[in-house]
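Visitor: Need a 3D model of the sequence below.
(one chain, ligands or ions: 2)
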Amino acid sequence: MNMLRQYKVPLHIYMAMMDLQERNERLFYKLLIDNVEELLPIVYTPTVGEACQKYGSIFRRPQGLYISLKEKGKILEVLKNWPERNIQVIVVTDGERILGLGDLGCQGMGIPVGKLSLYTALGGLRPSACLPITIDVGTNNKDLLKDEFYIGLRQNRATGQEYAELLEEFMFAVKQNYGEKVLIQFEDFANHNAFELLAKYSNTHLVFNDDIQGTASVVLAGLIAALKLVGGKLSDQKFLFLGAGEAGTGIAELIALEMSKQTKTSIEETRKKIWLVDSKGLIIASRKETLQHFKKPWAHEHEPMRTLLDAVKAIKPTVLIGSSGVGKTFTKQVVEAMASFNKKPIILALSNPTSQSECTAEEAYTWSEGRAIFASGSPFNPVEYNGKTYVPGQANNAYIFPGLGLGLIISGAIRVKDDMLLAASEALAAQVATENFEKGLIYPPFSNIRKISAHIAANVAAKAYELGLASRLPRPKDLVEYAESCMYNPVYRTYR
Ligand SMILES: O=C([O-])CC(=O)C(=O)O
Ligand SMILES: [Mg+2]
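Guide: Ligands and ions are numbered 1, 2, ... in the order given. Coordinates of the predicted model:
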């Protein structure tokens with residue numbers, strides 16, 4: 001840590017950490033686990049975003065497996081080249097929508113690598129059981145295509161049938177090579193592929209999409225916890241989203257599902273409490289014809305509203321959620337409007353990395369006169385306002401996916417179901433302690449994350465058993481204890 005702390009530039013710490021991961025994996029994980037709050041912003045958002053942008057020029061060794069269009073017909077062989085055999089989790093991207101940074105092509109590899117290091121550090125999966133994969137179908141990023149250090153195929157993205165066939169071959173090669181119980185996490189695919197891949201493979205494979213489902217689960221957990229601060233039930237809230245992509249519609253759907261379960265009303269009914277704004281304004285019934293299919297359920301009757309500010313004023317939401325990938329969109333006027341009709345407005349600026357955050361923590365607290373309950377996708381430091389310290393929470397799927405994955409694996413689950421995401425949310429919300437609430441936090445600190453992950457894993461596993469989707473039998477009695485006993489610990493072995 002002393003050596004790492006000599007670097008003042010976060011990217012340099014990132015590079016030193018990647019070197020350490022290569023040279024002494026156990027020590028890498030020991031540092032990451034013991035200093036999680038300090039190192040998470042390095043190996044994960046926001047620094048990992050910068051690393052992906054510059055990946056070609058900081059490249060040392062391939063840390064994961066690249067599968068390109070050129071390997072079509074040979075994907076199984078390529079998988080067999082990976083030195084580890086007992087893979088339990090794959091995080092795969094095609095690099096088309098890396099965080100809120102757009103198409104970074106093959107340079108998106110930083111994301112599967114970073115996510116999997118959290119699977120180990122936060123969720124306790126063995127490093128050797130984790131496989132980062134980047135599918136290279138080209139990139140439409142003009143700067144990268146011209147960049148002499150670009151590491152991927154120099155062509156525009158393959159689409160349509162060519163794309164679908166490569167992914168189909170990949171999905172079945174994975175199942176053939178690693179079996180039914182390998183978990184495949186889809187990460188940072190563009191909207192048009194993300195929804196389709198998830199729908200296509202969720203009935204044949206153990207898959208989930210972190211941006212759609214992981215984000216949904218973490219936000220729902222934060223909202224359940226936030227109700228302890230604002231009072232009332234989830235169904236008493238009114239939600240407005242800026243951004244109707246994977247995160248926005250994924251969160252909206254999980255909230256609607258939870259409200260529908262709590263109030264025993266239909267999901268069509270509970271969806272009516274949720275409004276979404278996209279780049280064309282408020283999503284309303286008169287736009288239905290031209291909307292992408294994943295936006296259609298949110299097209300309610302309303303007059304057109306062009307801007308977020310107009311929509312906020314008209315809808316008067318109690319919860320405002322930013323998931324558009326576009327920074328600085330929660331302006332002073334927007335936050336002031338939220339604060340004008342809410343005693344405690346809930347404001348979540350989820351877009352990553354920090355540069356894409358809809359507003360900063362300081363802005364949220366200042367513009368709401370310290371009344372906002374604020375959390376963001378990338379971390380912000382505590383803020384002093386009028387002599388009081390406000391600690392913003394980090395509403396990031398990193399709270400959920402390591403524990404969710406651990407729960408799926410220890411139960412031998414063969415499918416992911418929405419009820420498991422709800423179970424994960426409830427477990428996370430239950431981990432927020434009184435002392436966290438007192439600081440305005442709606443998430444527990446990351447310093448306890450391994451304990452939190454064990455609780456999430458236990459709740460998810462319990463749900464898998466309940467649904468008859470768990471194949472590890474008999475069911476362990478105490479699932480929290482069992483989850484903890486399965487977790488990897490980076491300790492040196494004693495020499496004999
Ligand atoms: O990586 C993160 O910090 C969260 C995430 O999945 C994304 O922004 O795409
Ligand atoms: Mg992501």
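
Visitor: Check for me that R450 belongs to a helix.
Guide: Yes: under DSSP: H, G, I helix; E, B strand; the rest coil, R450 sits within a helix.

Visitor: What parts of the stretch 51-200 of the chain come near ligand 2?
Guide: E187, D188 (Cβ under 5 Å from the ion). In this view, the C-beta of every residue, glycine as well, is placed from N, C-alpha and C.

Visitor: Please enumerate the strands of the stretch 51-200 of the chain.
Guide: Counting by DSSP state E, counting those that start in this stretch, the stretch 51-200 of the chain has strands at residues 65-68, 89-93, 130-136, 183-186.

Visitor: would you turn these into a markdown table with mean neighbour count, mean pLDDT and distance to L473?
Guide: A markdown table is the format used below for the strands of the stretch 51-200 of the chain (neighbours: other Cβ atoms under 10 Å; pLDDT from 0 to 100; distance: least, Cβ to Cβ, whole Å):
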| stretch | mean neighbour count | mean pLDDT | distance to L473 |
| --- | --- | --- | --- |
| strand 65-68 | 19 | 98 | 32 |
| strand 89-93 | 26 | 98 | 21 |
| strand 130-136 | 25 | 98 | 25 |
| strand 183-186 | 25 | 98 | 19 |
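
Visitor: and this structure, which of its residues are near ligand 1?
Guide: Counting by Cβ under 6 Å from any ligand atom, the residues of the chain close to ligand 1 are T45, L99, D188, D210, D211, N352, G377, N396, N397.

Visitor: most surrounded residue in the residues you listed?
Guide: The residue in the residues of the chain next to ligand 1 with the most neighbours, by other Cβ atoms under 10 Å, is G377 (30 neighbours).

Visitor: Distance-wise, check that residue relative to I151.
Guide: 27 Å (Cβ to Cβ, to the nearest Å).

Visitor: cool, and E303?
Guide: In this view, E303 and I151 are 49 Å apart by Cβ to Cβ.

Visitor: who's more crowded, the two?
Guide: I151 (18 against 9).

Visitor: hang on, isn't the more buried one packed against G56?
Guide: Yes: counting by Cβ atoms under 8 Å, I151 touches G56, with 5.2 Å between them.

Visitor: Which residues are in contact with each of the two?
Guide: Applying Cβ atoms under 8 Å, 6 or more residues apart in numbering, one finds that I151 and G56 are jointly contacted by Q107.

Visitor: Tell me the one of the residues of the chain next to ligand 1 nearest E435?
Guide: Set against E435, the nearest of these by Cβ to Cβ is N396 (20.9 Å).

Visitor: residues in contact with that closest one?
Guide: When contacts are counted by Cβ under 8 Å, 6+ apart, N396 is found next to Y44, T45, V218, N352, G377, S378.

Visitor: for G322, same thing?
Guide: For G322, the contacting residues are F241, L242, G243, T329, F330, L348, A349, L350, S351, S357, E358, C359, by Cβ under 8 Å, 6+ apart.

Visitor: so which of the residues you listed also contact ligand 2?
Guide: Okay, of those, nothing touches ligand 2 (Cβ under 5 Å from the ion).

Visitor: Including pLDDT and secondary structure, could these go into CSV?
Guide: Below are the contacts of G322 laid out as CSV (pLDDT from 0 to 100; DSSP: H, G, I helix; E, B strand; the rest coil):
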residue, pLDDT, secondary structure
F241, 98, strand
L242, 98, strand
G243, 98, coil
T329, 98, coil
F330, 98, coil
L348, 98, strand
A349, 98, strand
L350, 98, coil
S351, 97, coil
S357, 98, coil
E358, 98, coil
C359, 98, coil
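
Visitor: Could you give me the ChimeraX syntax to select whichever of these are buried?
Guide: Only the buried entries of these go into this ChimeraX selection, using 16 or more other Cβ atoms under 10 Å:
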select :241,242,243,329,330,348,349,350,351,357,358,359
